[in-house]
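*Asks:* Okay, here's the prediction I keep looking at, along with the sequence it came from:
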Amino acid sequence: MIVRRLFIVALALAMSFTVRAQTSKVTKSSKIARPKLVVGIVVDQMRYDYLYRYYDQYVEGGFKRMMNEGFNCRNNHYSYALTVTAAGHASVYTGSVPAVNGIIGNEWFDPIAKQGVYCVEDSTVTTVGSNNPTVGKMSPRNLLTSTVTDQLRIATNFRSKTIGVAIKDRGSILPAGHTANGSYWFDSKTGNWVTSTYYMNDLPQWAKDYNAKKMPSEYLKKGWKLMLPADQYTQSSPDDVAWEGKLPGNPKPVFPYDLAGLAGDAFGVVTDTPWGNTITKEMAIEAIKGENLGKRGETDFLAISFSSTDKIGHRSGPNSVEQQDDFLKLDREFADLFTFLDGWVGKGEYTVFLTADHGVVDVPGFAKEHKLPSGLVDRKVVNATVDEALNSAFGSDVYVLSRENNQLYFNHTLLKSKNVSVAQASAVVREALLKIPGVADVLDLTDMGRAPLNTYQLELYKNNVNAKRSGDVQILTLPGWFYGTSTGTSHGTPYNYDTQVPFVIFGWGINKGETLRRTSVSDIAPTVASLLHILPGSGNTGNAVEEALKK
């Protein structure tokens, strides 16, 4: 009997210990493992080939670190046609396309209100951080879906913090999302980083302290000098070529550059140089420290966009000494940022991804010199041809209300009064414009099912069309052609040089490797969402790049 009682007591103790052990085990593993901080980086106008074009001159801690330690999607493309800044940033963070998230361009026309719309304009809010009343009238309200940054906030019951930093308002606001704790952009009139009352009524002290340093003024004094000896810029055209634009106050597009502000835009020229990337990095680090990101017990998210690369690229082109110097310096900025994160969050405790909002076409002057097909379409000729064709066909009147994103917005009231269909007006425009050099095709966006366009490009344009925001007719240019002038270059087409951009991700939870299978920019947000075990954005159309994620 005593033995039996001792056995029962021992059994009960063993079961109790097992239950306690299991309970302890469940408690220990009950919190989902996540990185302490996610940093999303968008480099404005970073064409994919820049990863490798200057590779030999990159330091070990910047672009090379991302590629050598992380996962590189080497065939990553936009899945829509109009590749511009606002649409790109929205696609990266919503995991969606303009047809769904509504950001079809940097601007568009509202057919109901009969007025133009800027992608992040918001007349209901005011500027915070500057006496410039217009710079801060911005918010994400025109974005129709949630972002991965929003979903992180929701998943943690808003304990996670999300912050956006970029020189361009749209490069900060759209990635940070609707629920952001803060979004900051640059006021070139005052040299301050600002925000709007959508987010807060006063700048945090850390932002005020950085503004008080007046770093843009310091960088103006330094000018823009080459980082390396001039003879080491062997990946670029000669420094002085006819197709490059000039910086304000400089007689030629040649190094070194003096920097001087313009009346009413005292610090805009800073953002036209690599110093713009420097102040962006500095502001980002101040945001991390000021908001204690990555040290609060929940995953935080910092969305950074480097905008100066786009300004330099538009003016000088992708084959310029200016852009090579820009990327070599940006590489060092990345190395500084990652070194800071190693010390602040801990090496291996954070995740970073890199991508771009669009690519860029070679400057036509450069292309022609090397016997490549290219050219410029004259916008005045296009507009005059459209008006003349419509007036000739249907009588003299104003048939086009607006022209945005190489689209025509017809006056539907006028067409109805004349018993003219959109299809008829589109056909007249198409017949007239196909005679103009550089015009590849004209697409009726209201009847794309019968469009005489190749399958690949048709899908890209379908992904771009939002019923309430897009125009009636899309004008397509030939590869290598765009609307512009004899200097500089542009983007915004469905061609490979505009659609193919980097997607490299490294750090916590990421495998080392690469893939050549085609991935989409819309895959970035669901990849990050899968890493964080959260829902993707409400309009998500992409798929996680599962081979990048550790099991």
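*Replies:* Structure received. Residues are numbered from 1 along each chain as shown.

*Asks:* Report whether residue 142 is found in a strand, as I expect.
*Replies:* No: checked against DSSP: H, G, I helix; E, B strand; the rest coil, residue 142 lies outside a strand; its state is coil.

*Asks:* can you list the domains in this protein?
*Replies:* Split into domains by automatic domain parsing, the chain comes to 37-98+120-362+497-538, 375-479.

*Asks:* By mean pLDDT, flag the weakest helix or strand of the chain.
*Replies:* Among the helical and strand segments of the chain, the one scoring lowest on mean pLDDT, DSSP states H and E is helix 2-28, with a mean of 44.

*Asks:* Quick check: residue 439 touching residue 382?
*Replies:* Yes: using CB atoms under 8 Å, residue 439 is in contact with residue 382, at 7.4 Å. C-beta coordinates here come from the backbone N, C-alpha and C atoms, glycine included.

*Asks:* Mutual contacts of the two, please.
*Replies:* By CB atoms under 8 Å, 6 or more residues apart in numbering, residue 439 and residue 382 have these common neighbours: 433, 475.

*Asks:* and residue 100, what does it touch?
*Replies:* Contacts of residue 100 by CB under 8 Å, 6+ apart are 94, 144, 145, 466, 539, 541.

*Asks:* Keep only those of these that are in helices.
*Replies:* Counting by DSSP state H, those place residue 94 in helices.

*Asks:* Go through the contacts of residue 100 and say which is closest to residue 152.
*Replies:* residue 94 (13.2 Å; CB to CB).

*Asks:* quick one: contacts for that closest one?
*Replies:* Counted by CB under 8 Å, 6+ apart, residue 94 has contacts 100, 101, 143, 145, 146, 147, 148, 525, 537, 539, 540.

*Asks:* Now with 10 Å, please.
*Replies:* Residues in contact with residue 94 (CB atoms under 10 Å, 6 or more residues apart in numbering) are 100-103, 143-151, 174-175, 177, 522, 524-525, 536-542.

*Asks:* Show me the shaky parts of this structure.
*Replies:* By pLDDT under 70, the weakly predicted segments of the chain are 1-29.

*Asks:* make it 50
*Replies:* For the chain, applying pLDDT under 50 flags the ranges 1-4, 6-28.

*Asks:* before we move on, back to that, just checking, next helix/strand downstream of the least confident helix or strand of the chain?
*Replies:* Per DSSP states H and E, the first helix or strand lying C-terminal to helix 2-28 is strand 37-43.

*Asks:* Could you pull out the buried residues of the helix or strand just after that following strand?
*Replies:* Remark: after strand 37-43, the chain's next helix or strand is helix 50-53, criterion DSSP H and E. Neighbour counts over helix 50-53 (16 or more other CB atoms under 10 Å) mark 50, 51, 53 as buried.

*Asks:* which residues touch the spatially closest residue to the second one that is not a sequence neighbour?
*Replies:* Okay, so that is residue 51. Of all residues not flanking residue 51 in the chain, residue 502 sits nearest, at 5.6 Å (CB to CB, 6 or more residues apart in numbering). By CB under 10 Å, 6+ apart, the contact list for residue 502 reads 41-43, 46-51, 63, 66-67, 72-74, 76, 353-356, 359.

*Asks:* and what of residue 149?
*Replies:* By CB under 10 Å, 6+ apart, the neighbours of residue 149 are 38, 40, 93-94, 160-164, 174-181, 300-303, 525, 528, 537.

*Asks:* Quickly find the element holding it.
*Replies:* Short version, using DSSP H and E: residue 149 is in helix 148-155.

*Asks:* what angle separates that helix from strand 37-43?
*Replies:* Helix 148-155 runs at 160 degrees relative to strand 37-43, counting by axes from the mean of the first three to the mean of the last three CA atoms, to 10 degrees.

*Asks:* So which bits of helix 148-155 are buried?
*Replies:* 148, 149, 150, 151, 152, 153, 155.

*Asks:* separation between residue 102 and residue 143?
*Replies:* According to CB to CB, to the nearest Å, residue 102 stands 6 Å off from residue 143.

*Asks:* which neighbours do the two share?
*Replies:* Contact criterion CB under 10 Å, 6+ apart; residues shared by residue 102 and residue 143: 90, 94, 96, 119, 539.

*Asks:* what residues are up against the closest residue to the last one other than its chain neighbours?
*Replies:* Put plainly, it is residue 539. Using CB to CB, 6+ apart and skipping the chain neighbours, the partner closest in space to residue 539 is residue 145 (3.3 Å). Counting by CB under 10 Å, 6+ apart, residue 145 makes contact with 90, 93-96, 100-103, 177-178, 536-541.

*Asks:* Now with 8 Å, please.
*Replies:* 94, 96, 100, 101, 102, 537, 538, 539, 540.

*Asks:* The third one belongs to a helix?
*Replies:* Yes: counting by three-state DSSP, residue 100 is found in a helix.

*Asks:* Can you name the residues that contact residue 228?
*Replies:* 57, 325, 328.

*Asks:* which SSE is it in?
*Replies:* Per DSSP H and E, there is no helix or strand for residue 228.

*Asks:* returning to that earlier point: who wins for most neighbours among the contacts of residue 145?
*Replies:* residue 94 (35 neighbours; other CB atoms under 10 Å).

*Asks:* residue boundaries of the strands in the stretch 351-500 of the chain?
*Replies:* For the stretch 351-500 of the chain, the strands defined by DSSP state E, counting those that start in this stretch cover 375-377, 400-404, 407-410, 439-444, 473-477, 481-483.

*Asks:* strands paired with the first one, and their directions?
*Replies:* Read it as strand 375-377. Strand 375-377 pairs in its sheet with strand 481-483 (parallel), by DSSP bridges.

*Asks:* Checking residue 163 next. Helix, strand or coil?
*Replies:* Applying three-state DSSP: residue 163 is strand.
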